[in-house]
Each structure stands twice: as C-alpha cells, then as structure tokens.
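Q: One predicted model, sequence on top.
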Amino acid sequence: MLATRKISFIILLLLPAFINNSCHVRYGFRDVSIPPEITTVKVNLIENRAGYVNVQLSPQLTDKLRQKIVSQTRLKQTNGDDADWDITGTITEYSFSTAGISNQQTTTNRINVSVRIVRNDQKQGKTKEYIVSRNFDFPSSQTLQQAETSLLSDMIRGLADDIFNQLFSDW
C-alpha cells in the first residue's frame with residue numbers, strides 16, 4: 001500500500017513535466033510550421049484593388065507584415081527574386097455598411113476589408129492562397145474620414161495578425 005502511494009506520488013510529480021514537455025515540443029518552438037529548408041521570404045507590396053482605396057492601408061499593411069515576419073520567425077527578408085517564399089497580396093474589398101440601427105437611426109457603421117494573400121513556395125513549386133477579412137465598427141456620428149483615421153492602426157494590426165496566422169499556422 002505504501003509503495004503504491006509512493007509510485008502515485010512520483011507519477012503526480014512527473015506528470016506535469018511530461019505534459020509540459022510534450023506541449024513545448026509541439027507548440028513552444030518558433031517556426032514549427034515553416035519547413036527547415038525555407039530560410040528567406042519576400043513580401044511584395046500588397047496592392048489595393050478595392051473599389052474604394054484607402055491610400056495608407058496598402059503600404060502600412062505591407063510594412064507591418066514584413067516587420068512581423070522578421071521579428072517572429074527565423075526567416076530573413078529579401079527583395080531579390082531568389083526568395084524561398086514569395087508572398088503577394090491584394091486588397092480586394094474596402095467597403096462601408098450600416099452595422100447597427102436603433103429607433104430607425106443608424107448608430108453604428110462598419111468598414112469591411114478583405115485581403116487575398118498568395119504564398120508561392122519557390123523550393124517546392126507550390127502555391128497556397130488565403131483570404132483574410134475583417135470588419136471594423138465605428139459610431140455613425142463619425143465621418144468616414146474620421147473613422148479611417150481612428151481605426152487605421154487597428155486595421156493594420158488586425159489584418160497583419162490574421163495574415164501572419166494564415167501564412168504560418170494554416171489556421
């Protein structure tokens with residue numbers, strides 16, 4: 001009986017280490033979804049082909065995505081045509097809609113943004129495409145220009161995070 005308790009106690013002590021170790025191997029290492037032979041990336045300017053163009057969105061989103069990739073992966077940014085992964089993007093939608101109505105009055109409006117991202121794996125000759133969409137609500141008391149100014153940093157951050165997650169985690 002005493003031996004059984006000791007074994008149970010030892011198992012209880014060691015169990016968290018095994019669980020933590022297995023989780024760490026699967027989730028803790030940087031770049032787990034990037035094949036080891038991939039070392040360079042080229043992030044091309046994300047083109048804005050939406051019906052309405054926010055002139056700040058394309059260059060700022062491109063810069064934010066480049067910074068995120070360089071700071072959070074082992075990949076090196078290159079501008080040459082010899083990159084292992086070549087990433088291109090297009091802003092396909094930038095539209096506005098009513099999101100909330102109260103007492104037959106508009107209370108909330110929404111900016112809808114969609115970006116098509118293509119990851120071309122030059123080493124394997126494979127291409128993968130992703131569509132990332134986000135909505136950004138703003139009070140109807142703001143003009144569109146006021147909303148764009150106040151929401152731009154959130155738009156850039158949110159879209160860059162979603163694109164990054166799609167590219168490197170295949171969520």
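A: Yes, it's here.

Q: quick one, strands of the chain?
A: 40-43, 47-48, 76-77, 85-102, 105-121, 126-139 (DSSP state E).

Q: Could you chop the protein up by domain?
A: 1-30, 35-169 (automatic domain parsing).

Q: Endpoints of the last one, how far apart?
A: Read that as domain 35-169. Here the two ends of domain 35-169 are set 12 Å apart, with distance taken as C-alpha to C-alpha, to the nearest Å.

Q: Residue ranges in the protein under the pLDDT threshold?
A: 1-32, 170-171 (pLDDT under 70).

Q: For the protein, which helix extends over the most residues?
A: Longest helix in the chain, counting residues (DSSP state H): helix 144-169.

Q: Give the buried residues for that helix.
A: Buried residues in helix 144-169, defined by neighbour count with 16 or more other C-beta atoms under 10 Å: 147-148, 151-152, 155-156, 158-160, 162-164, 166-168. Every residue, glycine included, has its C-beta placed from N, CA and C.

Q: now stretch 86-105
A: For stretch 86-105, by 16+ other C-beta under 10 Å, it's D86, I87, T88, G89, I91, T92, E93, Y94, A99.

Q: Can you tell me which of those residues is nearest I117?
A: Distance ranking of those against I117, using C-beta to C-beta, places G89 first at 4.7 Å.
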